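>>> Predicted model follows, preceded by the sequence.
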Amino acid sequence: MNSSEINHRLFGEYLHWMAHKEMALGDVRPELWARAVAESGGEEGRARDIYLQWRAQSLREEEAVAERFLRLLQQSEDSAVKVRNAVVFFLARPASAPAESPG
């Protein structure tokens, strides 16, 4: 097993631990729990297993979205500076002056 596979497996275990921890603390996503109960036919033990599996997957997806967002922020750092400069320029101009972009 290579290091990437090990990291993926360990991260999956961590996400399942997080889902268990949330449930133990009573922090359950109502909509996800309702779907798990429906999927299990009302069998609470099975609903719990389904919920934990789905919640771990949800945590993985949330992490992926956050990672993409951070990557976009890093890629757009120059753009962010340009936008900030344009906003500062716009706010600093006299109210009667036309809004031109800084060159």
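Nice, thanks for sending it over. Numbers count the residues shown, from 1 in each chain.
>>> Pick out the residue nearest the middle of this protein.
Glu62 (3.0 Å; Cα atoms, centre = their mean).
>>> how about the helices in this protein?
3-24, 30-40, 44-75, 77-92 (DSSP state H).
>>> could these go into JSON lines alongside mean pLDDT?
Below are these laid out as JSON lines (pLDDT from 0 to 100):
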{"stretch": "helix 3-24", "mean pLDDT": "91"}
{"stretch": "helix 30-40", "mean pLDDT": "96"}
{"stretch": "helix 44-75", "mean pLDDT": "88"}
{"stretch": "helix 77-92", "mean pLDDT": "72"}
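>>> ok, and the closest non-adjacent residue to Val37?
Ala47 (4.5 Å; Cβ to Cβ, 6 or more residues apart in numbering). No exception for glycine: its C-beta is placed from N, CA and C like everyone else's.
>>> Check Trp54 too.
Nearest to Trp54 is Leu32, by Cβ to Cβ, 6+ apart, at 5.7 Å.
>>> Gln57 now?
Using Cβ to Cβ, 6+ apart and skipping residues adjacent in sequence, the residue nearest Gln57 is Leu15, 8.0 Å away.
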